[in-house]
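In: Give me a model of this one.
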Amino acid sequence: MLLNLEPLFSDERQSSADAVTLSIDCFCEPDSSLFNEEADVSKIHVTGTVSNNYGLVMLESSIKFSYKAPCDRCLTTAKRDFSFDLSHRLVNKESDNDDGDDILVEGCTLDLDALITTDILLQMPSRFLCSDECKGLCPGCGADLNKKNCSCEQAQIDPRLSKLKEFFDRDKNI
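Out: Okay, the predicted model is just below:
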């Protein structure tokens, strides 16, 4: 979705009472490259406003969607609802005192889909878990540790450190 922001950038009025506001209420199709192949993502609902207040053009948005995918620890399919409230300062030309937070809108047209994709990537957790307490799978037998305990030896020793373990075990027997 492309937003034409020319009325906001060309408006020279500096009072909030005269501010121009654009309302956003749309559904975006999720970008398939954005999510895991096995993920089921609902349409992404975006609401918000773009306004010029005292010469400062701001995008205030709320992004909501549901995400269903396998847990990264136990592989159980889980569904979570995500909701992000974001704010961006929009500029149509670069300035010397840019702190890196401004979004440069070239030609007074904002590609909202690209901005939403970037926002989602930055807000999503790096690992998708069914719950914060997920114990995952046993590395030995593959049992789901959330459902049952396994009989595998829990203290797995790195083979490179096995001689050190033997040394300390010998000390205990003396």
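In: Would you mind identifying the helix or strand in this structure with the lowest mean pLDDT?
Out: In the chain, no helix or strand scores lower on mean pLDDT, DSSP states H and E than strand 21-28, which sits at a mean of 55.
In: Quick check: closest non-adjacent residue to the residue positioned nearest the centre of the chain.
Out: In the chain, the centroid-proximal residue (CA atoms, centre = their mean) is residue 124; its distance is 2.0 Å. Leaving aside its sequence neighbours, residue 124 sits nearest to residue 82 (CB to CB, 6 or more residues apart in numbering; 7.3 Å). From N, CA and C alone the C-beta is placed, and that goes for glycine too.
In: Can you show me the strands along this protein?
Out: Assigned strands in the chain, in chain order: 2-4, 21-28, 40-41, 44-53, 56-70, 77-91, 102-104, 109-111 (criterion: DSSP state E).
In: buried residues in the first one?
Out: By neighbour count with 16 or more other CB atoms under 10 Å, strand 2-4 contains the buried residues residue 3.
In: can you tell me the average pLDDT over it?
Out: For strand 2-4, the mean pLDDT works out to 74.
In: That strand pairs with which strands?
Out: Sheet pairing of strand 2-4 (DSSP bridges) gives strand 109-111 (antiparallel).
In: if we can go back for a sec, which stretch among the strands of the chain comes nearest residue 152?
Out: Checking the strands of the chain against residue 152 by CB to CB gives strand 56-70 as the closest, at 22.4 Å.
In: looking just at contacts, which helices and strands does the closest one meet?
Out: Packing partners of strand 56-70 (3 or more CB pairs under 8 Å, 6 or more residues apart in numbering; DSSP states H and E): strand 40-41, strand 44-53, strand 77-91, helix 112-123.
In: now the third one: how far from the chain's centre is it?
Out: Spelled out, it's strand 77-91. Strand 77-91 sits 7 Å away from the centroid of its parent chain (CA atoms, centre = their mean, to the nearest Å).
In: since we're on residue 147, how many residues are nearby?
Out: Residues within reach of residue 147, counting by other CB atoms under 10 Å, total 9.
In: Report the separation between it and residue 50.
Out: 48 Å (CB to CB, to the nearest Å).
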